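Engineer: with the sequence up front, the predicted model follows.
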Amino acid sequence: MFSIIQAEWYKLRKTKGMLVWLAGPLVGLAMGLLNGGMDLDPGVNAWYLQLVYSNIVYALLFLPLITAVLASLICRYEHQAGGWKHLLALPITRGQLFVAKYSLLLFLVFVMQILYMGSIYLAGKFNGFADPFPLAIVWKSIFGGWVAAFPLLALQLGLSILFRSFAIPLAINVIFTLPTLLVVNSNKVAPYYPWAQPFSMMYIREGESSLFYVPWDQLLTVVGGSFVLFFLGSYLYFQRKAV
């Protein structure tokens, strides 16, 4: 399995995926610098507001959209010149290949989340924030956003395997991501909409003692349920895919 992941990583390095990988931290850095001059209420930690404003762009739009881009890139070579036939002719199972590709996607998003946290810190230092950096609270937001991306990555990997075109999986993701701008304002719809979960899981609340910033029932039913549905659906489709 590790050798398969290494091979997938090598193929991804040959694409422009690394530039896309760095786009998330750049978004966080840009939003942090743009919001550096905002007036702060006395007693409010400046880091909280910076993260909240940065997440409006990053967690609401960029993080869900980047799942489609990374998944399409990781399947790019297989859709060219009969790549699936050549790859599946090797002594590896389809299940191993699918899990390897999905594991690499999880790793890429996790590192991107860490880099995003670093960009928030750099922007705050550049803005001269004197408040202590709330590492524990920010880390909960970063880790929560990563967990919320699990089902979206599974779905996008399945769509990228299904469609040869790079644009179709991205277009489908855009169709479901853009309504999030309206969905997050609905208390009835937002808790059950998978594309809204990255923002919900990254929205910080000071003093919250639970592991994530969403209720456990929402985490298990929406994030966990959609992950099982999307992962199994994509996995079973790949097992039966004609090549």
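Structural biologist: Nice, thanks for sending it over. Numbering: from 1, shown residues only.
Engineer: tell me where this protein has helices.
Structural biologist: With helices called from DSSP state H, the chain shows them at 2-13, 17-21, 23-34, 46-57, 63-74, 83-88, 94-126, 135-162, 167-177, 180-183, 197-202, 216-218, 225-240.
Engineer: among the ones you listed, show me which one is buried the most.
Structural biologist: Highest mean neighbour count among these (mean count of other CB atoms under 10 Å): helix 197-202, with a mean of 27. For the C-beta atoms, the positions are set from N, CA and C on the backbone; glycine is no exception.
Engineer: tell me what that one is packed against?
Structural biologist: helix 46-57, helix 135-162 (3 or more CB pairs under 8 Å, 6 or more residues apart in numbering; DSSP states H and E).
Engineer: dump that helix to CSV, restricted to CA.
Structural biologist: The C-alpha trace of helix 197-202 is given here as CSV (Å, rounded to 0.1, in the frame of the first residue of the first chain):
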residue,chain,number,x,y,z
GLN,A,197,-19.9,21.2,7.0
PRO,A,198,-16.3,22.6,6.4
PHE,A,199,-17.5,26.1,7.4
SER,A,200,-19.5,24.8,10.3
MET,A,201,-16.6,22.7,11.6
MET,A,202,-14.2,25.6,11.3
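Engineer: that helix: how far from the chain's middle?
Structural biologist: Mean-position distance between helix 197-202 and its chain equals 10 Å (CA atoms, centre = their mean, to the nearest Å).
Engineer: could you give the mean pLDDT of that helix?
Structural biologist: What helix 197-202 shows for mean pLDDT is 88.
Engineer: and stretch 214-234, by the same measure?
Structural biologist: In this model, stretch 214-234 has a mean pLDDT of 88.
Engineer: can you give me the end-to-end span of that stretch?
Structural biologist: Terminal residues of stretch 214-234 are spaced 26 Å apart (CA to CA, to the nearest Å).
Engineer: what's in contact with that stretch?
Structural biologist: 98, 102, 144, 147-148, 150-152, 154-155, 157-159, 161, 191-194, 197, 200-201, 210, 212 (CB atoms under 8 Å, 6 or more residues apart in numbering).
Engineer: if we go to 10 Å?
Structural biologist: The contact list for stretch 214-234 (CB atoms under 10 Å, 6 or more residues apart in numbering) reads 71, 98-99, 102, 144, 147-162, 190-198, 200-203, 205, 208, 210-213.
Engineer: isn't residue 191 right next to residue 200, touching?
Structural biologist: Yes - using CB atoms under 10 Å, residue 191 is in contact with residue 200, at 7.3 Å.
Engineer: how about the helices and strands packed on helix 197-202 in JSON lines, adding distance to residue 122?
Structural biologist: Shown next, in JSON lines, are the helices and strands packed on helix 197-202 (distance: least, CB to CB, whole Å):
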{"stretch": "helix 46-57", "distance to residue 122": "11"}
{"stretch": "helix 135-162", "distance to residue 122": "13"}
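Engineer: make CSV out of these and add distance to residue 93 and mean pLDDT.
Structural biologist: Output for these, formatted as CSV (distance: least, CB to CB, whole Å; pLDDT from 0 to 100):
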stretch, distance to residue 93, mean pLDDT
helix 46-57, 39, 83
helix 135-162, 15, 91
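Engineer: looking at the ones you listed, which is closest to residue 7?
Structural biologist: For the helices and strands packed on helix 197-202, distance to residue 7 was read as CB to CB. The smallest value, 16.4 Å, belongs to helix 135-162.
Engineer: where does residue 163 fall, phi/psi-wise?
Structural biologist: Dihedral angles of residue 163 (phi, psi; degrees, to the nearest 10) stand at phi -100, psi 130.
Engineer: which residue packs closest to it, ignoring adjacent ones?
Structural biologist: Nearest residue to residue 163, sequence neighbours excluded (CB to CB, 6 or more residues apart in numbering): residue 169, at 5.7 Å.
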